[in-house]
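S.K.: here is my input; please provide its structure:
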Amino acid sequence: MTFNNQDAGSLPRLSPFEKSRPFFPFHSFRQYPFLVPLLFLVFSAHIALNYVYTHADERHYTDAALTMQQTGDYLTPYTADGEQRFKKPILTYWLVTLSYHFFGVSHFSSRLPFWIGGALLIYLTGSMAFYVFKDRWISFCAMIVLLVNPLVFMSASRSIPDMPLAIFMTVSAYGFLGLLLEEKPPAKYYWMAYCGAALGFETKGLPAAVFASFSIAFLLFNPWRRKTFRSLVHVPSMLAGAALALSWYATMYALHGEFLLEQFFGDQVGRRVTGSSLQMLTNLVQFVLVFLLYFLPWLVPLFGGLRKGLQPGRFSLDPSASAASLFMLSWIVLSMVMSVFLSTFFDRYFLLVLPLASVLIAYWFSTLSADRQYRYLLPFSLLYAVLVILFLSIGSYHVVNGALQVPEAFMGSLVVLVLVVSMVMLFRKLRPLLSLMLLYLSLLPAASVALSPVVLPEVGYETKAALDTFGIRSERIGFLGEPDVGARIRTALGRDRVVQPLSDKEREGNAGFDCIIFEERYAGKLSLEGYTVRELSFFWKTIDPFELIRALHWNRVEEQKRKRAVKYFVAWKKE
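M.R.: Modelled structure (predicted):
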């Protein structure tokens, strides 16, 4: 999975762009493979590793991982209520708890594996593109196409299975491509194909099995580069893959029996599949719209290039690359078909095939002339620049009002520098693809500069600071409020304190808790006699952008936050 000529099977062919080098950023291919993933990590760190942006499903994995740390049971995932949860396989829980083990329990450590996974996915995409097309420009372009897709950043900022699944299935697809293209495939491609799919199965379940089965069928029956069944057999990797895929399920079935199957298949099939024709049609339309939206900067020039300027002869594909392209296209079609039958469509499911789609789009984009590439990239680069300037303008209000902390102010200064350099490169027609990438990446820290004073400090860390201030040392704390808020508080307090949700019965008499954290609307449902009550934290559950702009203009952010805020309180017994 490295960028080298041995993987490609021959010396890479230089594209016309590389020969003239108006767009290609470096003179040596080996200089840039890690640049794009590294830039992604640098520019996305502040938002991705803080709870500026959260997803409701993260609590399932952070709560279960914390319980594993507290109980020492690393095989059975539990909810915050103490119920067993077998709706998803174990691997994502292990990623979070492994990060907790090495870096401590925190918001940073809960996000760390997925943030690094985003960079790894970008690198894998470039490596796969280079392997298929033997072209350095297409490889570099594929990494940028993937990086500027908003779904990559969103998935790298969520502690849920989407990013690990995409990584493992990209490895698997890479391996199947190796089995498809090589006459005598090296053993590594078998290991990648089968073990990648097995790890995907341990991450998300049945979707990985569907794509792996389809890949085997494609290799056996495609008319372009058909493989024999015997050529796909590699006993060591297949046995290892089966062990990886099934060992946890077998263990859990032995311990919990039918309950495992009921929860797993109920989530994977029962609740997920629809029989409504209207829902299927709606899902199909949503899939197409999501595809067009997420790849808009690249599809606009391609649609224009179909009319004039598209020159397929410049990169005539050999039969091997044609078969590989059809394999990747078939994965996208399979993803669309599977999405059609979902009871609820989620755009994040598209991440699984995003790397393969990026490789294909990078190839098609590379067939455009350099002038047309610049002409089509320019409007989107200017759009990103305008958004960056807008975010920095909001940040300047924070500076004037003294609301911006030193890290955000420093980050804003770097964004200004990157913005200036990118615009100079863009208008002098020096590597506009690189300018587009830098301007898009600048959006992330610029947004952080604009939003951090509004959404931070985060409710979990405010709670921790308040408990320390009030001198509350209770190891068991009752909680009554939104589940995702409870998960944030648990992560901030760490493994030494158990924050337990209160059931309806437990509210009567407060279930013997000396300390309770509760949302304001539940105050009347608790018996607080003999307790000291203090306001703990308040935050915006939703942000009206127009209200935010007005509040910034009149320097009333805190006042507006308190007006629209969801308030949390802490009550503890008087001594």
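
S.K.: can you list the domains in the protein?
M.R.: As assigned by automatic domain parsing, the chain contains the domains 5-366, 380-455, 459-573.

S.K.: show me what contacts residue 237?
M.R.: By Cβ atoms under 8 Å, 6 or more residues apart in numbering, the contact set of residue 237 is 187, 190, 191, 193, 194, 195. Placement of C-beta: from N, CA and C, glycine included.

S.K.: check the secondary structure at it for me.
M.R.: Three-state call for residue 237 (DSSP: H, G, I helix; E, B strand; the rest coil): helix.

S.K.: who wins for most neighbours among the contacts of residue 237?
M.R.: Within the contacts of residue 237, most neighbours by other Cβ atoms under 10 Å means residue 193, with 30 neighbours.

S.K.: contacting residues for that residue?
M.R.: By Cβ under 8 Å, 6+ apart, the contact set of residue 193 is 172, 175, 176, 178, 179, 212, 215, 237.

S.K.: wait, which of those residues is closest to residue 490?
M.R.: Using Cβ to Cβ, residue 172 comes nearest to residue 490 of the contacts of residue 193, at 34.0 Å.

S.K.: within the helices and strands, which one has the closest one?
M.R.: Taking DSSP states H and E as the definition, residue 172 sits inside helix 162-181.

S.K.: so which of the contacts of residue 193 is the most crowded?
M.R.: Busiest of those [other Cβ under 10 Å] is residue 176, holding 30 neighbours.

S.K.: isn't it up against residue 220?
M.R.: No - taking contacts as Cβ atoms under 8 Å, residue 176 lies outside contact range of residue 220: 11.4 Å.

S.K.: residue 516 belongs to a strand, doesn't it?
M.R.: Yes - counting by three-state DSSP, residue 516 falls inside a strand.

S.K.: residues near it, how many?
M.R.: By other Cβ under 10 Å, neighbour count at residue 516 equals 24.

S.K.: which SSE is the nearest residue to it once chain neighbours are set aside in?
M.R.: Excluding the flanking residues, the one nearest residue 516 by Cβ to Cβ, 6 or more residues apart in numbering is residue 478, at 4.2 Å. Element membership for residue 478 (DSSP H and E) is strand 476-480.

S.K.: for residue 571, same thing?
M.R.: strand 566-573.

S.K.: ok, which stretches of the stretch 51-200 of the chain are helices?
M.R.: 58-71, 91-103, 107-133, 136-147, 150-156, 162-181, 187-204 (DSSP state H, counting those that start in this stretch).

S.K.: and stretch 446-462, how far apart are its ends?
M.R.: Chord length of stretch 446-462, first to last residue, is 24 Å (Cα to Cα, to the nearest Å).

S.K.: show me what contacts residue 470?
M.R.: Counting by Cβ under 8 Å, 6+ apart, residue 470 touches 534, 570, 572.

S.K.: which of those lies closest to residue 490?
M.R.: Residue 490 lies nearest to residue 570 out of these, by Cβ to Cβ, at 14.6 Å.

S.K.: tell me what angle the lengthiest helix in the chain forms with helix 136-147.
M.R.: Assignment by DSSP state H gives helix 370-400 as the longest helix of the chain. Here helix 370-400 points in a direction 40 degrees away from that of helix 136-147 (axes from the mean of the first three to the mean of the last three Cα atoms, to 10 degrees).

S.K.: right, and the helix or strand after helix 370-400?
M.R.: Sequence-wise, the next helix or strand downstream of helix 370-400 (DSSP H and E) is helix 406-427.

S.K.: what is that following helix packed up against?
M.R.: helix 35-48, helix 370-400, helix 432-455 (3 or more Cβ pairs under 8 Å, 6 or more residues apart in numbering; DSSP states H and E).

S.K.: deepest of those, which one?
M.R.: helix 432-455 (a mean of 23; mean count of other Cβ atoms under 10 Å).

S.K.: the closest residue to residue 491 other than its chain neighbours and residue 288: what is the separation?
M.R.: In space, and not counting its chain neighbours, residue 491 is closest to residue 62: 5.3 Å by Cβ to Cβ, 6+ apart. As defined by Cβ to Cβ, to the nearest Å, residue 62 lies at a distance of 34 Å from residue 288.

S.K.: ok, those two, which is more surrounded?
M.R.: Comparing residue 62 with residue 288 by other Cβ under 10 Å, the one with more neighbours is residue 62, at 26 against 11.

S.K.: what sits against that one?
M.R.: By Cβ under 8 Å, 6+ apart, the residues touching residue 62 are 96, 110, 159, 487, 490, 491.

S.K.: switch the cut-off to 10 Å
M.R.: 80, 93, 96-97, 100, 105, 107, 109-111, 159-160, 484, 487-488, 490-491 (Cβ atoms under 10 Å, 6 or more residues apart in numbering).

S.K.: partner strands of the strand holding residue 571, parallel or antiparallel?
M.R.: Its sheet considered, strand 566-573 pairs with strand 515-519 (antiparallel), strand 531-539 (antiparallel) by DSSP bridges.

S.K.: mind listing what's buried along that strand?
M.R.: 566, 568, 569, 570, 571, 572 (16 or more other Cβ atoms under 10 Å).

S.K.: mind putting those into JSON lines with distance to residue 443?
M.R.: JSON lines is the format used below for these (distance: Cβ to Cβ, whole Å):
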{"residue": "566", "distance to residue 443": "28"}
{"residue": "568", "distance to residue 443": "31"}
{"residue": "569", "distance to residue 443": "37"}
{"residue": "570", "distance to residue 443": "37"}
{"residue": "571", "distance to residue 443": "42"}
{"residue": "572", "distance to residue 443": "43"}
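
S.K.: picking that back up, centre of the chain versus the strand holding residue 571, how much separation?
M.R.: On the basis of Cα atoms, centre = their mean, to the nearest Å, strand 566-573 sits 33 Å off its chain's mean C-alpha point.

S.K.: would you mark the buried spots in the helix or strand containing residue 250?
M.R.: Assigned by DSSP H and E, residue 250 belongs to helix 235-256. By 16+ other Cβ under 10 Å, the buried positions in helix 235-256 come out as 237, 238, 240, 241, 244, 245, 248, 249, 252, 253.

S.K.: got the angle between that helix and helix 162-181?
M.R.: Using the same axes, to 10 degrees, the direction of helix 235-256 lies 150 degrees away from that of helix 162-181.

S.K.: beyond helix 235-256, next helix or strand please.
M.R.: Going down the chain from helix 235-256, the next helix or strand is helix 258-265, by DSSP H and E.

S.K.: list of residues touching that next one?
M.R.: Identification of contacts with helix 258-265 by Cβ under 10 Å, 6+ apart yields 76, 83-89, 205-206, 248-254, 256, 270-272.

S.K.: tell me how far the residue nearest the centre of the chain lies from residue 37.
M.R.: Against the mean C-alpha coordinate of the chain, by Cα atoms, centre = their mean, the closest residue is residue 155 at 1.2 Å. When Cβ to Cβ is applied, the distance between residue 155 and residue 37 equals 15 Å.
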